[in-house]
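> Got a sequence here, can you model it:
(one chain, ligands or ions: 1)
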Amino acid sequence: MSIPFVEPFRIKVVEPIKHTTRPERESILAFAYNNLFGVPAEDVFIDFLSDSGTNAMSDRQWSAMMVGDEAYGGARSFTHFEAAVREVLGFPCVLPTHQGRGAEGILFKTLVKPGQSVPNNRHFDTTQANLLALNANPVDLAVDEASDPHSLLPFKGNMDLGKLERFIDQTGVENIPIGMLTVTNNSAAGQPVSMANIKATSELYRRYGIPFFLDACRFSENAWFIKQREPGYADRPVAEIALEMFSYADGCTMSAKKDAIVNMGGFIACRDEDLKQKLAQHLIIQEGFITYGGLTGRDLEAIAVGLHEGISEDYLDYRERHTRYLGEVLQSAGLQVYQPTGGHAVYVDAAHTLPHIPPAQFPGVALANQLYIEGGVRTVEIGSLMFSHPDPLTGEVIPAPNEMVRFAIPRRVYTRSHLDYVGEVAREVVKNAADLRGLEITWAPELLRHFIARLAWV
Ligand code: F0G
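Predicted coordinates for the structure are as follows:
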């Protein structure tokens, strides 16, 4: 008997979703200036815009929320949250923030000065923008295979250690106040980073005295891939693997909206009490007091439970297979799927499907928009609209490494028949791909332009 996967949960609460007609979707998208971020969620049938904050919480999380302690200082819920961070990640110090970018903003404001550089395998959009906003320089040093949608390597999210060492030597340690590593590598198709690479990156940063922080949004998925793919880890519990990953870092930023399976929240965790005190000053100005950050007591309770549920092996096994199944469905519909499929999303190569649309006319946006028009499926471009930006030091335009469309899968939300439906929509889009046109920007802000840019079909 061959079963691709079975959900390790049953459904207790449902939320209706609504079909719209194609003419309705055409006018909805036009009204949103052809930017899917502007489309009302009610008018989306299957929403793969993001896996962030879009998760279905469990009955245990909802019941934990009922006992949330909303005290301004020293809430009991903070104690639960702090204990979960200690148990699951192993960090003694933690500050809650409203979400991941709040954590990044505070960490960078505390440590990074204008003109300095922060290396990473790849920054995601908000990490990149938080540094650019400080006139600092986010530098991406992933292995070359990260940009190759075909090579079937197990850890294409890895840092290129040779590039990192050369970069540190050329830039000078005094200009690198902190080094990052993102697990899994969201800008590189959700590819995992191996334990060996986390350890070696840590050793390199430590050799130069550079504090090492993980961008840990999807750490449980990364730990699961290590268990599946890295020699020596098959028999180790994911909980132990996660602790080992964090043991090499001085701290992390975390968006709990991902692998802590909640709808809102984040944190900064670290080992050094002095650093925590420095971070706390910015935290109190920007997010809130140190025992709630930007969150309510009930949010902290949901995170405390969700961190444990996120490292459940039944759940992670299902999660990987569910994502892989969508990859298979899209591949058989004729899209070019980035291989191997990552943890939280399937990425497809829009440049392959739309070779007649140049990067400057955003093939990823064209493909994503057409998936919406065809069947109400919302995805997101991960390409030139999101990532191409001027180098803060030279002004030269840095191109995006790939023109991709990401199908990000909310946790515990969609069933296999939803995925099959998406496959049928993709098949129709591929059939008519040659007729698709590109888009041009009619207005955009300077930073994070993809969220609110206005576009027109060429
Ligand atoms: N780092 C990574 C790797 C991310 O993927 C995200 C968010 C953040 C940081 C910021 O976290 O949203 O809580 O402020 N990624 C979402 C996405 C938005 O759709 O991939 P946040």
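> going forward, measure contacts and count neighbours with C-alpha atoms only.
OK.
> got the contact list for the residue sitting nearest the centre point of the chain?
Geometric centre of the chain, nearest residue: Asn186, 4.7 Å, by Cα atoms, centre = their mean. Counting by Cα atoms under 8 Å, 6 or more residues apart in numbering, Asn186 touches Arg122, Phe124.
> Model confidence for the residue nearest to Pro211 when sequence neighbours are not counted, exactly?
Closest residue in space to Pro211, ignoring its immediate chain neighbours: Ile178 at 5.0 Å, by Cα to Cα, 6 or more residues apart in numbering. For Ile178, the model assigns a pLDDT of 98.
> ditto for the one 10 residues further on
For Ala188, the model assigns a pLDDT of 90.
> Tell me who's in contact with it.
Shown in contact with Ala188 (Cα under 8 Å, 6+ apart): Arg122, Ala146, Ser147, Lys156, Gly157.
> Is the nearest residue to Glu82 once chain neighbours are set aside in a helix, a strand, or coil?
Setting aside the residues directly before and after it, Glu82 is nearest to Val94 in space (Cα to Cα, 6+ apart), at 6.5 Å. Put simply, Val94 is strand when judged by DSSP: H, G, I helix; E, B strand; the rest coil.
> any low-confidence regions in the stretch 1-150 of the chain?
Along the stretch 1-150 of the chain, segments meeting pLDDT under 70 span 1-3.
> what does it have sitting close to the ligand?
Contact residues (Cα under 6 Å from any ligand atom) of the stretch 1-150 of the chain with the ligand: Ser50, Asp51, Ser52, Gln99, Gly100, Arg101, Phe124, Thr126, Thr127.
> Just name the closest of those to Tyr318, please.
For these, the closest approach to Tyr318 (Cα to Cα) belongs to Asp51, at 15.5 Å.
> returning to that earlier point: between the contacts of Ala188, which is closest to Ala456?
For the contacts of Ala188, the closest approach to Ala456 (Cα to Cα) belongs to Ser147, at 28.1 Å.
> And the ligand, is the strand or helix carrying Arg406 touching that?
Using DSSP states H and E, Arg406 falls within strand 404-408. No. Applying Cα under 6 Å from any ligand atom, one finds strand 404-408 separated from the ligand by no less than 7.2 Å.
> That strand pairs with which strands?
Strand 404-408 pairs in its sheet with strand 345-349 (antiparallel), strand 380-382 (antiparallel), by DSSP bridges.
> Counting residues, name the longest helix you see in this protein.
Of all segments of type helix in the chain, defined using DSSP state H, the longest is helix 313-332.
> pLDDT on that helix, on average?
Averaged over helix 313-332, pLDDT sits at 97.
> which other residues reach it?
Contact with helix 313-332 is made by 4-8, 220-221, 224, 238, 309-310, 336-337, 341-346, 409, 411, 416, 419-420, 422-423, 426-427, as judged by Cα under 8 Å, 6+ apart.
> go with 7 Å
With contacts defined as Cα atoms under 7 Å, 6 or more residues apart in numbering, helix 313-332 is touched by 4-8, 221, 224, 238, 337, 341, 343-346, 419-420, 423, 426.
> Could I have the PyMOL command that selects the buried members from these?
This is the PyMOL syntax for the buried subset of the contacts of helix 313-332, where burial follows 16 or more other Cα atoms under 10 Å:
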select buried, resi 7+221+224+238+337+341+343+344+345+346+419+423+426
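> from the contacts of helix 313-332, which ones fall inside helices?
Members of these lying in helices (criterion: DSSP H): Glu221, Trp224, Val238, Leu419, Asp420, Gly423, Ala426.
> and the ligand, which of the residues you listed reach it?
Contacts with the ligand are made by none of these, judged by Cα under 6 Å from any ligand atom.
> tell me the two of those that are most distant?
Val238 and Ala426 (34.3 Å).
> Contact partners for the residue in the stretch 151-300 of the chain that the ligand sits nearest to?
The stretch 151-300 of the chain approaches the ligand most closely through Ser255 (4.1 Å), counting by Cα to the nearest ligand atom. Contacts for Ser255 (Cα under 7 Å, 6+ apart) come out as Gln99, Gly100, Cys217, Gly265, Gly266, Phe267.
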